[in-house]
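K.L.:
Below are the sequence and a predicted model; questions follow.
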Amino acid sequence: MEKITEDIINIGVNDRTITLFEGQYEVKNGMAYNSYVILDEQVVVMDTVDPRATQEWLKNLEEAVGTRKVDYLVIQHMEPDHGGSIMQLLERYPDMKFVGNAKTFQMLQQFFEITSNDKVVTVKEGDTLSVGRHMLQFFMAPMVHWPEVMVTYDQAEKVLFSADGFGKFGTRDAEEEWAQEARRYYINICGKYGMQVQALLKKAATLEINTICPLHGPVLTENLGYYIDKYQTWSSYQPEEEGVLIACASIHGHTLHTAEKMKELLEQKGAKKVILTDLTRADLHEAVADAFRYSRLILAAASYDASVFPPMEDFLNRLRAKNYQSRTVGIIENGSWGPTAAKSMKALLEGAKALTIVEPTVTIKSAMKAENIPQLKALADKILEM
């Protein structure tokens, strides 16, 4: 457990057994399911935890509240990693009331059968709930990243309970850079919903916030401007850093050899930062996060079945799903006969906003030759001048 203030305790659980979050995201350092209890004249629990952590969480809760009962459960997000232990909590505290919005309770009935309407306290934008010294104020955050999401501001302690906002992969005590895993978390889970995140940030800007309590990762208490600035950048789809990501999908190594040459040329021409990612071996979710992180992207892929090598197709589908935009892109294709990769990659990027695909498109036939070097240099010059 973690004491946040005199009255607020994080009773969440660090899950070190999970290796794949939401069935797709690799989490080498586990996952934190945060849940908070406010001890006032009335006792409030802020969200529950994933079912895999229920028993440890209930033990933490009992230690925090002692013989007192839980009066309210505030449900900010119904996703099972936060709402999965609701029924177990209700069994322990049958007189407890649920606090949520209209969409919360519609979704609650989809997961569970709650038959008593007198247990429901429905709130809407700006509504407050007094539980003693603490006055809780609720702000709707639809599609950050589910439609029922809301956040809660404690006026007494100036604490923002931010639901999935400002969360990250990894346990609370994981020794890793916050931004690295917070970026991968945000881009892959909330990245599609930049407009909705921007709307929530505007609401947060009207509040005096001393502490941010997310549902994943560490509680944020210092230099809050740093975290908020990161979210401003990510949600507005602006590059976080000047740099070039070369994303390569190579079958037998010839396309990778060309990508390595491209990296060398860019560095010789003074590129600040060049990162080469082998999509056949890399964590694709990390690669997607890096594509959003840097200002420029070069795609290097082999042709395959009259299209493009599947690892590149998968990568571009993920970029498009997360609303990739406002970047400069260069293309290198390889094909032993009838190269098709460039055409396929361009088609996969169609519809992306404010995306500039520069020329020349470089075509390699089987293996890079001396005659291809001037084309690669020309592409390097063009990508760096944009």
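P.N.:
Nice, I can see it. Residues are numbered from 1 along each chain as shown.

K.L.:
so where's the protein uncertain?
P.N.:
115-116 (pLDDT under 70).

K.L.:
Kindly list the longest strand within it.
P.N.:
strand 294-304 (DSSP state E).

K.L.:
just how off-centre is the following helix or strand past it within its chain?
P.N.:
In the C-terminal direction, the helix or strand that comes right after strand 294-304 (DSSP states H and E) is strand 307-308. Here the centre of strand 307-308 is set off from its chain's centre by 29 Å, with C-alpha atoms, centre = their mean, to the nearest Å.

K.L.:
Flag every buried residue along the longest helix seen in the chain.
P.N.:
Counting residues, the longest helix found in the chain (DSSP state H) is helix 254-268. Of all the residues in helix 254-268, those buried under the rule 16 or more other C-beta atoms under 10 Å are 254-263, 265-266. From N, CA and C alone the C-beta is placed, and that goes for glycine too.

K.L.:
mind listing the helices for the chain?
P.N.:
54-65, 80-83, 86-92, 102-111, 178-185, 194-204, 224-235, 254-268, 284-293, 310-321, 341-349, 373-385.

K.L.:
So what touches the fourth one?
P.N.:
Going back to what we said before, that points to helix 102-111. 75, 78, 80, 83, 86, 98, 100, 114, 120, 122, 124, 142, 146-148, 150 (C-beta atoms under 8 Å, 6 or more residues apart in numbering).

K.L.:
If you count neighbours, what's buried in that helix?
P.N.:
Result for helix 102-111 [16+ other C-beta under 10 Å]: buried residues 103-105, 107-108.

K.L.:
returning to that earlier point: okay, angle between the longest helix of the chain and helix 373-385 too, please.
P.N.:
On the basis of axes from the mean of the first three to the mean of the last three C-alpha atoms, to 10 degrees, helix 254-268 is oriented at 50 degrees to helix 373-385.

K.L.:
Which strands or helices does helix 254-268 pack on?
P.N.:
Counting contacts by 3 or more C-beta pairs under 8 Å, 6 or more residues apart in numbering; DSSP states H and E, helix 254-268 packs against strand 241-249, strand 274-278, strand 294-304, strand 328-334, strand 362-364, helix 373-385.

K.L.:
out of these, nearest to residue 318?
P.N.:
Nearest of the helices and strands packed on helix 254-268 to residue 318, taken as C-beta to C-beta: strand 241-249 at 11.0 Å.

K.L.:
What strands line up against that closest one, and which way round?
P.N.:
According to DSSP bridges, strand 241-249 has the following sheet partners: strand 274-278 (parallel), strand 294-304 (parallel).

K.L.:
With distance to residue 181 and mean neighbour count added, can I get these in TSV?
P.N.:
Output for the strands paired with strand 241-249, formatted as TSV (distance: least, C-beta to C-beta, whole Å; neighbours: other C-beta atoms under 10 Å):
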stretch	distance to residue 181	mean neighbour count
strand 274-278	17	18
strand 294-304	17	25
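
K.L.:
What are the buried residues along stretch 172-179?
P.N.:
Under the neighbour-count criterion of 16+ other C-beta under 10 Å, stretch 172-179 has 172, 174, 178-179 buried.

K.L.:
That concludes my questions; thank you for your assistance.
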